[in-house]
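> I would like to see how this sequence folds:
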Amino acid sequence: MNEHPVINSSLPEHLHSLASLAYLLERLERNPLQVSADQYRLVVLRLRDELAGARLDARLDALLRAYPAASEIYENLQYERAGLCRCALDVSARTEILTKRILRDAAGRTDA
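Numbers count the residues shown, from 1 in each chain. Predicted coordinates for the structure are as follows:
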């Protein structure tokens, strides 16, 4: 039997569910037509709940680096407090500049 690609003896038990959900989400991201929107949403919501209760440490950080979709969800959960904490600085800066432009343009349209 094949070993789970994430869950192994080096991963603490409290991260097993999170790792399984992160792995599943990556698979769904690669093949989005194989599941319904409700199934996808359920996986994301369960992963969000797992991430909300997780403390960032070296093992969680490694898991998030291995699974970009889970990393994005983690970053969204932390955004109010930490901003784009998992993006490279240049990506974060470009995103912030683009967001400001979009908001400025949208505000200009509603005022006109």
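
> list the buried ones in the helix or strand hosting residue 69?
Taking DSSP states H and E as the criterion, residue 69 maps to helix 68-82. By neighbour count with 16 or more other CB atoms under 10 Å, helix 68-82 contains the buried residues 69, 70, 71, 72, 73, 74, 75, 78. For the C-beta atoms, the positions are set from N, CA and C on the backbone; glycine is no exception.

> same for that helix, what does it pack against?
The helices and strands touching helix 68-82, judged by 3 or more CB pairs under 8 Å, 6 or more residues apart in numbering; DSSP states H and E, are helix 16-30, helix 37-52, helix 58-66.

> neighbouring contacts of the first one?
To tie it back to what came earlier, the one meant is helix 16-30. For helix 16-30, the surrounding residues in contact (CB atoms under 8 Å, 6 or more residues apart in numbering) are 4-7, 11, 34-35, 39-40, 43-44, 46-47, 50-51, 54, 60, 63-64, 66-70, 73.

> quick one: contacts for the closest residue to residue 71 other than its chain neighbours?
Distance criterion CB to CB, 6 or more residues apart in numbering; nearest residue to residue 71, sequence neighbours excluded, is residue 64 at 4.1 Å. Contacts for residue 64 (CB under 8 Å, 6+ apart) come out as 22, 70, 71, 74, 86.

> Please look at the third one and residue 62 and confirm they touch.
No. Using CB atoms under 8 Å as the test, residue 71 is too far from residue 62 to be in contact (10.9 Å).

> how much space between residue 55 and residue 10?
Separation of residue 55 from residue 10 (CB to CB, to the nearest Å) stands at 18 Å.

> Specify which member of the buried residues of helix 68-82 is nearest to residue 107.
residue 75 (25.7 Å; CB to CB).

> quick one: buried residues of stretch 37-47?
Buried residues in stretch 37-47, counted by 16+ other CB under 10 Å: 40, 43, 44, 46, 47.
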